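> Following is a predicted model, sequence given first.
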Amino acid sequence: MNSEAIDINSTHGNRLHPVTDQLGKLIHLPLTPRRIVSLVPSQTELLFDLGLNENVVGITKFCIHPSEWFRTKTRVGGTKKINIDIIRNLRPDLVIANKEENTLEDVSAIEEFCPVWTSNISSCQEAIDMIKRIAEITQTGSKADDLINAIEKELNNKIVSIDSNWLPNTTPPKKDILMNFLNFYKDL
């Protein structure tokens, strides 16, 4: 991390601590990030659910939920065409990106002045891990626990429903296969 990012964080009065994102990349973040930019619509919704209205300063034009944030937060471009200068002017101490949603070039450019935590989600377990990690970073663990419990309850209900409606004389798939299936087909 370069000195500009350290200066930004020290102005907020936060000590830096190491965290690892879902790509396995070690980054240094303030103990409590106060100026967050989200480059991922689903993770923007998560930040809202975690009660981080005052902390989120920028979102993409595709972050349409919650609608009040879409109307009031600074838009930093799209997920693939990010305006780096707008992000720099917002002076974030954390940018949240995603391996599939955002380009490596944009993430690398942002890393020149701000830490970027990148998610990499291809299963329900990884989505829950992402929620836990963002909650830890933002000090919102109890709200995340409630959200995770609700998600796991809903997933378990869907698994029971699939198991009970499975074709007679056939073996239902294993739970981890069902969890991956449900990740892609949430509206069964």
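Looks like it arrived, so ask away. Note that the structure is a prediction, hence the values are computed from the model and not measured. Numbering: from 1, shown residues only.

> can you map out the helices along this protein?
Using DSSP state H, the helices found in the chain span residues 3-11, 41-49, 67-72, 84-90, 104-111, 124-138, 141-164, 175-184.

> Give the other helices and strands that the fifth one contacts.
Under the contact criterion of 3 or more CB pairs under 8 Å, 6 or more residues apart in numbering; DSSP states H and E, the helices and strands touching helix 104-111 comprise helix 84-90, strand 94-98, strand 116-119. Using the backbone N, CA and C atoms, a C-beta is placed for each residue, glycine as well.

> try it again with 7 Å
For helix 104-111, the packing partners by 3 or more CB pairs under 7 Å, 6 or more residues apart in numbering; DSSP states H and E come out as helix 84-90, strand 116-119.

> quick one, which of these is packed in tightest?
Highest mean neighbour count of these: strand 116-119, a mean of 23 (counted as mean count of other CB atoms under 10 Å).

> Run me through the strand neighbours of it, direction for each.
Here strand 116-119 has these sheet partners by DSSP bridges: strand 94-98 (parallel).

> Next, the buried residues of the partner strand.
Buried residues in strand 94-98, defined by neighbour count with 16 or more other CB atoms under 10 Å: 94, 95, 96, 97, 98.

> can I assume the third one is in contact with residue 117?
By that I understand residue 96. Yes: look at residue 96 against residue 117 with CB atoms under 7 Å: they come within range, at 5.4 Å.

> if we can go back for a sec, please identify which of the helices and strands packed on helix 104-111 is closest to residue 139.
Among the helices and strands packed on helix 104-111, strand 116-119 comes nearest to residue 139, with 14.3 Å by CB to CB.
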